[in-house]
Every structure is written in structure tokens, then in C-alpha cells.
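# The following comprises the amino acid sequence and a computationally predicted model.
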4 protein chains.
Amino acid sequence: MDLSVSPRTRERLDRLRQFVERELVPLEPLFLTADWATLEPVLAEKRRAAKALELWAPNLPVEVGGLGLTLVELGLFSEVAGRTPTGHYVLGCQAPDAGNAELLLQHGTPEQKARWLVPLARGDIRGCFAMTEPDSPGSNPTTLAASAVRDGDGYVLNGHKWFTSSADGAAFAIFMGVTAPQAPRHQRASLFIVPTDTPGFQLVRNIPVMGHAGGGYYSHAEVRFTDCRVPASHLLGPEGHGFALAQERLGPGRIHHCMRWLGIAQRALDELIRRALARPIAEGQRLADQQLVQAWIAESAAEIQAARALVLQTAAHAEREGFKAARDNVSMIKFLTAQAMERVLDRAIQVHGALGVTDDTILAFYFRHERAARIYDGPDEVHKLAVARSLLKQYEARGAKELP
Amino acid sequence: MDLSVSPRTRERLDRLRQFVERELVPLEPLFLTADWATLEPVLAEKRRAAKALELWAPNLPVEVGGLGLTLVELGLFSEVAGRTPTGHYVLGCQAPDAGNAELLLQHGTPEQKARWLVPLARGDIRGCFAMTEPDSPGSNPTTLAASAVRDGDGYVLNGHKWFTSSADGAAFAIFMGVTAPQAPRHQRASLFIVPTDTPGFQLVRNIPVMGHAGGGYYSHAEVRFTDCRVPASHLLGPEGHGFALAQERLGPGRIHHCMRWLGIAQRALDELIRRALARPIAEGQRLADQQLVQAWIAESAAEIQAARALVLQTAAHAEREGFKAARDNVSMIKFLTAQAMERVLDRAIQVHGALGVTDDTILAFYFRHERAARIYDGPDEVHKLAVARSLLKQYEARGAKELP
Amino acid sequence: MDLSVSPRTRERLDRLRQFVERELVPLEPLFLTADWATLEPVLAEKRRAAKALELWAPNLPVEVGGLGLTLVELGLFSEVAGRTPTGHYVLGCQAPDAGNAELLLQHGTPEQKARWLVPLARGDIRGCFAMTEPDSPGSNPTTLAASAVRDGDGYVLNGHKWFTSSADGAAFAIFMGVTAPQAPRHQRASLFIVPTDTPGFQLVRNIPVMGHAGGGYYSHAEVRFTDCRVPASHLLGPEGHGFALAQERLGPGRIHHCMRWLGIAQRALDELIRRALARPIAEGQRLADQQLVQAWIAESAAEIQAARALVLQTAAHAEREGFKAARDNVSMIKFLTAQAMERVLDRAIQVHGALGVTDDTILAFYFRHERAARIYDGPDEVHKLAVARSLLKQYEARGAKELP
Amino acid sequence: MDLSVSPRTRERLDRLRQFVERELVPLEPLFLTADWATLEPVLAEKRRAAKALELWAPNLPVEVGGLGLTLVELGLFSEVAGRTPTGHYVLGCQAPDAGNAELLLQHGTPEQKARWLVPLARGDIRGCFAMTEPDSPGSNPTTLAASAVRDGDGYVLNGHKWFTSSADGAAFAIFMGVTAPQAPRHQRASLFIVPTDTPGFQLVRNIPVMGHAGGGYYSHAEVRFTDCRVPASHLLGPEGHGFALAQERLGPGRIHHCMRWLGIAQRALDELIRRALARPIAEGQRLADQQLVQAWIAESAAEIQAARALVLQTAAHAEREGFKAARDNVSMIKFLTAQAMERVLDRAIQVHGALGVTDDTILAFYFRHERAARIYDGPDEVHKLAVARSLLKQYEARGAKELP
């Protein structure tokens, strides 16, 4: 179990912590009120600063301009960046671009890398990932309706997608559609790179989520692909590998997400404690002196610590033996961490009282925005059932005679 | 224990149910996107319809144009109205006006009634209740900083208030300020009616709550009273009775709120079940066939039923013996019902998956908006401690020898 | 909703409360340590006292020597009796005899009543109910293996049963066995009265439960019926009605159980509060002054009250419209009340600290003994799924167009 | 963070796993029914086997006959031993002897070591630790009533103790009593070694715990020390260091306990899964196919893994920087792990249905016996408050300006 962090990363983490606290946290009021057009140039400035501080692209290898971190180190970066809503974007490791970049890196042709990966890794363009469909559970992508039909030297794509995050302003979409309807379930679909200026690509709307209309990077779109034609060279990975690649894409992303959630949880706990220390409730009594608040502090700290210990252990495991081997643990950290974050956020809001539901702190944003954490990338229930079935299989295989 | 409902009320409840479902639920998309200027005339139209259907002002006695219901009946009205966010406003029994009307009814002078209660009961004007202050816990109004100083034939009011709900557009505020700083804690403050065009009254801002900027009736304001002068005739109730009246105002309001929350919870359960029945997840399998979803349905139904049974019992109790006698139960239903609502909402969102966090259903609104239910009118924790102390006192009084 | 209690019952309840507190609670140390042979004569004495106080057989009609209570009244009796482990036995309304008496009353022939019901109602004999089998889930009695084969003027019974409560010392068993293996699932089995001195009846062992070896009334047996021959006149109810009667038997029993559990919960809360008031933890500080303890008190009180409100409402509902109509609610109170009891017991133990796990109080007994409450008479999960399926069916039947 | 395990320990752990499964688990039925006189010789035989397998005394250094493990390795041993109730005793690392041996090792004089530690480490004698008193919260040992008064060349000890685990049959007690009543709170008490044949030492009774009368090693006694005279050479550690040493004694013990609890939890999960795989509930359906059971499996696995990750990390932390530095984490794992164990046990019982509450499996024993886990060595609430106060202090010290 290698949880070690290089001295260089340790030093960069310190720098990141300061950068987040001094440069990004103060942006929160703007973030909560400004539209994307206003916000984007401010964030662009911060991205330049992040590059200057050698904090850019922690998720990417050195050869494409990234920091070349281990998974454990990347997790620690993600936690710190997660302390404020703009963190990941400013570091250039935001979803869905991080996952897309990994896909291009692992499976892109040299041309695809040159055209899409290079500017993506620099932060010059953004992309999106068009997999989920409104009429089919996101957790079961084998029931996709979208199609990709070979036609001459290209493919014709049709499909209705939604929750295509950050489609608004994206330079390209990675589209998942069925290329072989008769193939075995997991080999039906393929991935395609679709520039968003392709005729037939239509951003129907940004879906309002938890009261937020959505715009620019911070958006989730409903998208239609109507007879979109792309050349065969836009196929990403082999035909029929759509599901496999989409799954592969999720692995590191989950470590990412979990550590980001822990960053949110830790931030919430920090705010909880600060408020408790600052808020008088009666003569000589602060919220911090209340047992109920104290119990919440301890439970929050314990839940964060336990989740963090397991996430980092899972990261080390996945690094050493691959995400397939670590699959059950990846599912476990997904639901465990999302729940811990939610509980800590809830307590932090409660300690803030009425202030906690206002947008005068960042807590209410996280509370409403991260309700989705138990849903996206597979609802908690799907992960639980997957873990259980895997364990049941292992016990069955082992048989009655063997030791547990 | 009288939980009976008159045939006339039964019939009106049926009418209300239809009205809510056919006339108000369809307004939800508009409600979620329109500003108050757009929404207000639409709701005004619905208010006229509610009056025509004899559903107006269920909280008020017949003599001021209300329906003259018992507390149990009013609770049942509130539950049905709670099924959609515009319900209470359209029926004219919305907070804070319902509480203000009750105050004026019980404690207003004939002049105050003529000037404020009559148009309020008709829905011609709105008011607000300016008690809570940013630097003092709402649950402990004995630490008020706002002051009301007698000066000639009037009072001069100064204070900084927030979470003054619906101040935006209100015709008057009921202001709570200290008139006797040296008096015993609970006799320091008094209430005053302050027309919002009084010089010195300033609506500083609508506080953004859970991503909602706030506007018109649907708003929570930060308000300043700077040397606001009102004639002595604007004193509401006797001097020094501010806390007592504010407390009294909350009693029926809590039954109201609890039943409204149960309406929300029942609506959420209805949506949960409909979605579960409608959503296929694999061949021949709907969400409704999943055990985990079924368990949530049963738990939700049971929690709603148990809470409803206790709320109605408490209403009957309070009707018979007064709110003072029912105080512990009122506190219990407050936290019990808020928690039940929250759990049901959470499950309903989870069953909707990604759709659940969008504003394409009403669930996400309730989820974010009603997070405050565990905070306003006294955080759950304050109610729990109050109940416990009351019980401890009763057991102590009873002594060791007596039967429990 | 008729929750009223007659003045006579009210008066008897007061008497019962005193009797339980003064006569039965003091038996607890003996109950926890003595075997049945020692305990039985002591309880017999108390039974005579209960009869003298007109508290005997609250579950039975007047014509067989009972008190002739309504279901609501019976529930209130059961709650008070539940405050101590010997309560129901001393009142003569203990499981499984209460259910057996009801069966005999409703479905017994005059001969069966004369021979079994009369002494049972007097408390002269005890019986048991042999339904559950070790290799088949108790919640699904349609998979019974036990058989009853017609042979001349009698039946030959064979079967392996367990959790046959109170078989040790019982005068008769009501045996459930398959008479028509080819019949539709719910019409296969029949009930038979089997005197325990019938050749072939074997009490294999009392099953040790939660560390208690079991003996006499307080026991759960493994039982074998091997070629047990009974005359045809021992058939209870019509052939093929075994399941229907077993189900019918459970209805009033569940109200009973739920109210008994609430009695346990209320007793636990009483003990919790007494301990909290009595226990110093530091200078000038008692456990009762600790917020965490106070929160538990309030949560416990609220959960008990809400469950009680729903159980009594369900009793009134069942009384008025029958148990079939109230079935969903009966399932709901089963799991809701069991959970509430468990939580209150857990908190009461925690407040007692080390003392709480000893047998110096009654709490540890209830804690271990009533873990089964979430299992017997159908595990909570089975009830939850039943409620959900019933609700889903109702929503489906109602269709899309109708109001909820 | 060094979580590594030496190859030798890895190999021993494998041996231990087999030993536990093949030699100790089969003893469970005997363990559940036999008294200590019957059980002791059987366990003595197993202890000899453990020594032969080089599994003896994993908690002790090589020089006194132990295995000389790191804290992480010891934790892993404790987990495996925890899978069955006799594990720790058979390995010779059972409480309270493990803690007593550590005390003697660190603070005993050469004579004390020769007389007590050597036979204790060999398993030839047992001891007990007499600290807790009935009238004073165990979590606050500064309110001790027991006294130790210097008298000539010895001390005279008086005190009333309870929950003196394993006093029955112990060769000596370590007694904690006040030597300096006027000293600062934490310097009042001292420890003394008291041979149990000292006049004035009286084992009043074994306290019945959760239905178990207690006997021999498996007992918790009420003990009186009445004018017990011991020579001054029986003072353990310096005078006035009683609290400090008692605290020190708990540190490694908590790692121990937590890993033992995880062993119990893992065992329960194993049993849960086996039962779920083996139990048919309807045609073609096993419990293992039920979603609700699957969700419990996944949640249990995740909770165990997260707790284990944090416990081992805490062990490594404490090894490297001492228990003082790791104190907050030690408190966190205490309540986190106890809760996880309890939840897993509860689910395992529920999956076993009626069987789960019988003593035909080990689950019911663990369920009732380990309810105390949230109480002993400091109730969860005390640990939570301690963690919170420590964190609050850290945040306060850090001040407003610094980064979190």
C-alpha cells in the first residue's frame, strides 16, 4: 500500500492550498451570482496563475503539459481543489474534460491528439461527453437508442442526449451511439468525436438544475444529433468499444470525484467549526460550546477521515493493480464518500442556521448542487448492488470448504 | 380526541384537491422560471377562482371572510394546499400573512383591524414580520438589539433585521423592538405596525436563498429601520408583550407548517410512485419492481402516516386545551415532520435519478427550499431541548414515589 | 376515527397501571434469574390478583370471561402490560394463547370450545401454535412441508416445526399441515388441535434464544410430529383454510404487539429519564443536563407518540372496517413501532452506561429479547414490500388521469 | 504511512486464520453453553496449540515470549482472532491481561515483572484491573472514591469497584485508588498490585451481563477492597501516576478492540453472505437475490473497509508518533468502528431471521455482548466530545488569518 507523496508534490500541494484559499475562495460571491460571460475571463486569469505556479493539469502526464502525478497524489490535489467550486476548472482538471483528455490520450490517433487533445490539455477548448439519454437509465448504457451508421467514408449520427455536461461552449462532443445493434450488449456502441459546428448538432437547451439555469462550462445540456455526419477518422477507439471506453473513463474520475467531495466535506467542516466558534447564542455561550454541535463536529471529522483513508487506499490499489482489480472498492468509495459529504454539508448548514440556506456562504450551493453526487456516474444503489453481486460471486466461487 | 371533519369541510377539501391538481400544479413550470411581476397576475386570477370556490382564507373566521375551520380541518386544508408551492398563497393563508392576520385579529385595535386586517384578509395587501436579526439567534429573541423608544405621541424605531420574509412589496411590517431594556428578559420588547412607506424603512436587499434571488412574495429580505417614527396607535398589543405575542403567533403556524410539509411529502411520494411505475430500467423491469424502491415507498408512507396522525392529534389537543398545554407536542411534530418530509423528498429525487435534480419536476425546488424547515421557527435542536427540559421537569416534579 | 375509551376502561387502566408498577415490576429480578418452576407459582398468585381486580383477559369477550374491550382499549391495556415482561402472562392475554383463543372463539366447534377454549380463557392450560418450519421462511407459509393426511375417521400428521413458542408445558398445539398438496398455494393447509400427549408429538428441545435456554411459558421449541393421529373432530375451521386462519389470527395480534412494544419503549424512556436525573457526572452536572441526553429524550418521546398515534388510529380503523381494510396500516405500524422501540431501548441503555448492559435493570433483557420484534410475525422487510406492492397497485388502478 | 506487514507476519496471519477457523470456531457451541470449569481445560489445550504454531502473545515483545509485532501487525492479528469469542484468550492477548502486561512491562519493577509479568505472559495466571466504580462515571476517573493510604511500609486500600472484568479466578488485581486527595485532579490516584488472596479482597459477585451470569475469565465482577494491606513494593509506577498509566494502558487497547470489532463485523458479514446464498425463499429465489439483502452486503463491506483503513492508518500513526499525537484518531476509530460492527451484526441477524436470534449461530452472542462496545473504554459520546474539543482548540489556536 503506497500512500507516499513525493516532496515535490507535497510542496505543490502547499502552494495549491494557498492559491485556493487566497485566489479562488474569494471568487465565490462572484461565482454564485455572475453568468458565464462575466465569470469566464476572471477564471481565465486564474488559470494563467495556476500555470505559473505549476499547478496546471494535475491529471495529465508531463508529456502533454500535466504534472505527472500518481493517483494518490492526484487525489490529494483534487481534494484541495474541491474546497471551492471553481477549483477544478482553474486547474484544468475539470469534468468532463479530464475524462475526455484521458480517453484521447489512451485511445486517440495521432491526428485526434493533435487536433483535440493538445488544445484541450492547454485549456484552449472545452469538450463534452454525450452518452446519457433521457429515456434510458444512465446506469445502463446498454439500452442506448442513439445510432451511428456507416455511410461511405463516414458515419451518420442520430440521437437524443441529455445531461451532456458543459456542452454549452464546447468545441466538440464525444458521442456514443450504436454501431452494431445485433452485437452482444456490451459491444454495440462506439464513440465519435463530433465538432459542435457539425451540421445537425443542436444544443436544445441548458437544463435548469436545482434552480440554476446553467451556462457555459457550468451547464448540463439537452442535445440532439440529427443526421450528423462525421468522417470515419472521428471514430475514437475501435468500433464496438464504446461501452468499454466509457467505463474505463469513469475509473480515475471516481477517485477524482470522491476526493473532490472530501474537499467539499472538509471545507464544510471548516466553515461549521468557524461559525460555531464565532456565534454567540447566549451569555458566555457559543455554538461551539453546545454538545450537539460538538457531536456533529466529531462525527463529521471521523466520517471524512475514514472515507479519505479508504479512497487513498483505493487509489493506491488501482495504481498498482489497475481499476478492474479495484472495482469493488471504487464502487464502495463512491457511495460512502457521497454520503459522508452530504451529512457533513447538512450539519454545516444546520449550524449556520438561516444563514446556512442563503447564498451568503458557499454551503447552500454545495448542498443543492451535490445532491446529484448520489446519482451521477451511477446511483449509489447501482453501485451497492454491483458490489454485492461481486462479493456474492466471490463467496460462491470459494465454496463451502474454504476459509473465508 | 376529536379528529372529525364536518361534511361541508369534507366537500370543500375535495374541491380543493381538484383545484390544486388542475389549476395550481400546472403552474409549476411558470413558478420555477418567472419573476414575481409575471407570476403575480396569474396567481391573482387563481385567487379569484379560490374565492369563487369558497376555498379562500381557511385560517380565518367567517366574520373576516374566512372559512371558520377547526384546527384539524385547517390542517387538512394546509396539507392539500402544500402539494404545490403556490397553494397557500392562492388560498390566502400564506405565511407570514396568516400569522399577522391572527395577531391583528386577537390583539389589534378596531382601527388597526379596519386599516390592516380587512385588506389583508381580502388579499389586497401583504405584510411582513420583522423579528429576526442577523447577529442574534432567531431561536432566542430575548437578545434583540432593535429598539423602540417612546418619543412624544409616537415611537422611534431602529433596528437591523433579516429573513423578513415577503418584505418586498409588503404594505406594512410588524416590527419587534425593545421598549424596556431593563425589564425581565421576556418583557423587554413590543410589536409595532410600520407601513413600509414610513421614512427610515429600507429594504436593503432580498437575500438570495438556495440560488433563488427572491422577489415579491417569494423573498426574504434584509431590512433596516432607521429612526422610523410611528404614532403610538401603531403599537400592536400592550407594551412589553412582544415576545409573548410572537410566541402565540407561532402556535397555529406550526400546525399549518407541519401539515404543509406533509402535503409536500405526500406529493413527493406520489411523484416517486408515478415515476417508479413509468420508468423501465431493463427488459420487463420497472423501477417500481425494485425492492430498494419498494422499501422506500413503504417507509415513506409509514413516516407520513405516523407524522400526520400525531399532527392531527396535536391539533385536536391544542383546539381543546390551548397551545400552551400542547406545547411539547407542537415541538415534537415540528422536528418529526420536517425530518419525515426531508427523507421522502430525498427518496423521491433519488428515484427520479438525474431528472430529480433538474427543475423539470417540482422535487428539486422543494428539496432546496425546504431544507430550511429544520431551521425556521426554531431549529429542530432547540425544539428537542425544549421538549426534553419540559419532560425532565415533569418527571422531577412527580418525584420518585409516584407512578410514571 | 373513534379513539374514545369508556370511563370504566379508563378506571381499569388506572388500576392496571398501579398493579403493574406495584406488583409486577418488583418481580423483575426474580424473572431474570429464576427458572419456570420457581416463577410459575409466583405468577399464578398474581393472576389471581389480576382476576380479583377485573383486569383478566382484556382480549376476550365478556361471555368467555374477558373484559370485552374495543381494539383501541385493548391496545391501551397492552401498552401498560408491556411495561414489564410478565404483564401479558399475568393478565392472561399472552401470545400465543391470545391468538389461539381468538381462533377457537371464531372458528371452534362447540366441543372444541368446551374442551380447549374454556380452560384456556381461564388460564388453566396453555397452548402453542406450530406453524413455522426451520427449512422454510416463516414469512411464506405457502411452502410448508408438514402434512396432514386423512386416514379413516382421523388425520395423520407429520412435520418438523420450530419457534413453536411456549410448547414446553402446553396442553395442546395448533398444528398447520398440508392437506391438499395440489390445491392453489393458499388453500393447501389446514389447522388441527393436537393434545401434546398424543403419541408422536415430540418436543425436541427448547431453542436457546439470545442466551436464554428457555423453559415453560418463556420458551421457543423445536417440535416434531411423527405419525401423530388425531380424530377428524380436531380439525380447526374448514379444511384448506389453514393459511387464511393463520393470517386472520395475526391481525389483532399485531395491534397487541405494537402496543406492547410501545409499553416497552415508554418504560425504557421512563428509566432513561430517571437515570439521567439521578446520575451525577461532574460537579453540579447530571446526565440530565447533557444536551446529547436531552436530544435522545425528545427524539424518543416524539417517536413513541407518533407511533402510538398511528397504532391507535389503525386499531380504530380495523375495528370499524375490519383488518383487511386496515392491512397496509397494520404492516406499517409493525415495522415503524418495532424500530421506534429499538431506538428508545438503545438510547436508554447508553444513558445507563455499563449498568445498562447488566441484568441489574430490565433494559438489557428487552434489548436482547426484542431484537426479534423486527423478525417475528413477518420481518420488517416483508411488511415493507407488502405495503409498497399494495400502494403501487392502488396507484396503477387509479390510472394516470385521476387525482391522487 | 507504513502499513506494511513483514513476510513472516503474513505467513503467521495465514496460519492464524486457519487455526481460528479449524480449531476455535468449532468450539462456539461449547462456548455458548458450557461453564468456565468445562471450558477452561479445552481452551488450555488450544493455547498449547497456539504456542506450538508461534501464534502466542502477539501483543508482547519477543523478550517476554511474545511475537514482537508492530501495531499494524498486531491489529491484523486482533482482527483475525476477533472472528470467534475465544480467539484472544487462546492467543493470550485478551483484555484485561494484555493491558496489564503492557503496564508491567513499561512500569513494573524487576521484582514485579518476575512475580507477575512472567507468569502472565506465559498464560499461567490471569489478572484484573479494578478501576471503575459504581457511583462514578467510568469515563471520568478523576472522581474515584477508592483510597490508598500509606501506613508504615505499606498501603491500606479501601474501595468498591465494579465491572472488574475477569476478577473471578484472577491471581491479582491492579487497584486504582486515591493516594493524594488534595492533589490536582489528575494526580490523585495510584496503581497497586493486589494479590487476590490478600485479606480484605472480596469478589462480591459476578455481575450478570445481557443474560450471562459470568464465570471465570468471562466475567465482570463487583469487588470490594476492605482494609486490604499491601507492601509499598506493590505500588505500580510512581505515586500519583494512576490516571496517566490507566490512560496509557488504553491506547494500544483501543487499536486492539477496534480490530477485534472489525473481526467480529467481518465474521458477521461472512455469515450473512453464507446464509443469503444458502437460504431459498421462493422458487428459484435465494435471500442472496434480494436487493435489500444485497444493499446490506455492500453497505456492510464498505463500512468495514473504511473503518479498517482508518484503524490501520491510526495504528501506523501511533507507532510512528505515539498515542498522544494520534489521540483524536484513536477516539474517532473507537466510535466509528463500534457503530460499524453493530450495524453489520444487526443486518446479519436480520438476514438469518428467527435463526439469527437463537444461539444456534454466534451472531446473537455478539449482538448482545458487544452492545457494550459503545460504552466501555469511554462511551462514544465522551469520545466525540473529546474529539470536538480538540478540533475546536486547534482551530482557535490557528486563528482567523491562517489557512485551515
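Structure's in. What do you need?

# What ranges does the stretch 251-400 of chain A have for its helices?
Taking DSSP state H, counting those that start in this stretch to define them, one finds helices in the stretch 251-400 of chain A at A:291-325, A:327-352, A:354-357, A:363-369, A:380-398.

# For the last one, list the C-alpha coordinates in PDB.
It refers to helix A:380-398. Once side chains and other backbone atoms are set aside, the C-alpha atoms of helix A:380-398 remain, and they are given as PDB (Å, rounded to 0.1, in the frame of the first residue of the first chain):
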ATOM      1  CA  ASP A 380     -25.500   4.700  -5.100                       C
ATOM      2  CA  GLU A 381     -27.900   1.900  -5.300                       C
ATOM      3  CA  VAL A 382     -26.400   0.600  -8.600                       C
ATOM      4  CA  HIS A 383     -23.000   0.600  -7.000                       C
ATOM      5  CA  LYS A 384     -24.200  -1.200  -4.000                       C
ATOM      6  CA  LEU A 385     -25.900  -3.900  -6.000                       C
ATOM      7  CA  ALA A 386     -22.700  -4.200  -8.100                       C
ATOM      8  CA  VAL A 387     -20.500  -4.600  -5.000                       C
ATOM      9  CA  ALA A 388     -22.900  -7.200  -3.500                       C
ATOM     10  CA  ARG A 389     -23.100  -9.300  -6.600                       C
ATOM     11  CA  SER A 390     -19.300  -9.300  -6.900                       C
ATOM     12  CA  LEU A 391     -18.900 -10.300  -3.300                       C
ATOM     13  CA  LEU A 392     -21.600 -13.000  -3.600                       C
ATOM     14  CA  LYS A 393     -19.800 -14.400  -6.700                       C
ATOM     15  CA  GLN A 394     -16.500 -14.500  -4.800                       C
ATOM     16  CA  TYR A 395     -18.000 -16.300  -1.900                       C
ATOM     17  CA  GLU A 396     -19.800 -18.800  -4.200                       C
ATOM     18  CA  ALA A 397     -16.700 -19.400  -6.100                       C
ATOM     19  CA  ARG A 398     -14.700 -20.100  -2.900                       C
END
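
# now check that helix, is it near chain C?
No - no part of helix A:380-398 sits close enough to chain C to count as contact by C-beta under 8 Å from any C-beta of the partner chain; the gap is at least 15.2 Å. Where C-beta positions appear, they are placed from N, C-alpha and C, glycine not excepted.

# which residues touch that helix?
Outside helix A:380-398, the residues within contact range by C-beta atoms under 8 Å, 6 or more residues apart in numbering or on different chains are A:139, A:327-328, A:331-332, A:334-335, A:338-339, A:374, A:378, A:404, B:290, B:292, B:350, D:270, D:273-274, D:276-277, D:288, D:291, D:293-295, D:297-299, D:301-302.

# Those residues of chain A touching chain C, which are they?
Counting by C-beta under 8 Å from any C-beta, the residues of chain A close to chain C are A:290, A:291, A:292, A:295.

# does residue A:177 belong to a helix or a strand, and which?
Residue A:177 is part of strand A:172-178 when elements are defined by DSSP states H and E.

# Name the residues that touch that strand?
Surrounding strand A:172-178, the residues in contact under the criterion C-beta under 8 Å, 6+ apart are A:100, A:103, A:116, A:125, A:127-131, A:141, A:144-148, A:157-159, A:161, A:164, A:167, A:188-196, A:201, A:223, A:225, A:228, A:236, A:242, A:246.

# Just the buried ones among the residues you listed, please.
With neighbours counted using 16 or more other C-beta atoms under 10 Å in any protein chain shown, the contacts of strand A:172-178 contain these buried positions: A:100, A:103, A:116, A:125, A:127-131, A:141, A:144, A:146-148, A:157-159, A:161, A:164, A:167, A:188-196, A:201, A:223, A:225, A:228, A:236, A:242, A:246.

# mind listing which of those residues are in helices?
The helices in this structure, assigned by DSSP state H, contain A:100, A:103, A:242, A:246 from the buried ones among the contacts of strand A:172-178.

# picking up where we left off before, what's the average pLDDT for the strand holding residue A:177?
Along strand A:172-178, the predicted confidence averages to a pLDDT of 97.

# ok, and for it, which residues are buried?
With burial defined by 16+ other C-beta under 10 Å, the residues of strand A:172-178 counted as buried are A:172, A:173, A:174, A:175, A:176, A:177, A:178.

# Report the separation between the first one and chain C.
In other words, residue A:172. Spatial separation of residue A:172 from chain C under the definition C-beta to the nearest C-beta, to the nearest Å is 41 Å.

# Same check on the fourth one?
When C-beta to the nearest C-beta is applied, the distance between residue A:175 and chain C equals 34 Å.

# who's that residue bridged to?
With DSSP bridges applied, residue A:175 shows beta-bridge pairing to residue A:130, residue A:192.

# Residue A:168 reaches residue A:223, doesn't it?
No - Residue A:168 sits out of contact with residue A:223 when judged by C-beta atoms under 8 Å, with a separation of 9.8 Å.

# shared neighbours, these two?
Common neighbours of residue A:168 and residue A:223, using C-beta under 8 Å, 6+ apart, are residue A:203.

# Which PyMOL command selects the buried ones in the contacts of helix A:380-398?
Selecting the buried subset of these in PyMOL, with 16+ other C-beta under 10 Å as the burial test, is done by:
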select buried, (chain A and resi 139+327+328+331+332+334+335+338+339+374+378) or (chain B and resi 290+292+350) or (chain D and resi 273+274+276+288+291+293+294+295+297+298+299+301+302)
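
# buried residues in the worst-scoring helix or strand of chain A on mean pLDDT?
Of all the helices and strands that make up chain A, strand A:280-282 has the lowest average by mean pLDDT, DSSP states H and E, namely a mean of 87. Using 16+ other C-beta under 10 Å as the burial criterion, the residues of strand A:280-282 that qualify are A:280, A:281.

# swap in stretch A:54-74?
By neighbour count, and taking 16+ other C-beta under 10 Å as the criterion, the buried residues in stretch A:54-74 are A:55-60, A:64-74.

# Point out where chain A drops to low pLDDT.
Along chain A, segments meeting pLDDT under 70 span A:1-2, A:138-142, A:400-404.

# Where does the nearest residue to residue A:256 once chain neighbours are set aside sit, in terms of helix or strand?
By the measure of C-beta to C-beta, 6 or more residues apart in numbering or on different chains, the closest residue to residue A:256 outside its immediate chain neighbours is residue A:78, 5.0 Å from it. Assignment of secondary structure by DSSP H and E places residue A:78 within helix A:71-81.

# Run the angle between that helix and helix A:291-325 for me.
When axes from the mean of the first three to the mean of the last three C-alpha atoms, to 10 degrees is applied, the directions of helix A:71-81 and helix A:291-325 differ by 140 degrees.

# Show the secondary-structure elements that the least confident helix or strand of chain A is packed against.
In terms of contacts (3 or more C-beta pairs under 8 Å, 6 or more residues apart in numbering or on different chains; DSSP states H and E), strand A:280-282 is packed against no helix or strand at all.

# Direction included, what does it pair against?
Within its sheet, and counting by DSSP bridges, strand A:280-282 is paired with strand A:285-286 (antiparallel).

# Tell me how far the strand it pairs with lies from the chain's centre.
For strand A:285-286, the gap between its own C-alpha mean and the chain's C-alpha mean amounts to 39 Å (C-alpha atoms, centre = their mean, to the nearest Å).

# repeat for stretch A:31-51
For stretch A:31-51, the distance to the chain centre is 19 Å (C-alpha atoms, centre = their mean).

# who touches that stretch?
Applying C-beta under 8 Å, 6+ apart, the set of residues contacting stretch A:31-51 from outside is A:19, A:23-24, A:27, A:30, A:56, A:85-86, A:89-92, A:123, A:168-169, A:215-219, A:359, A:362, A:365, B:208, B:211.
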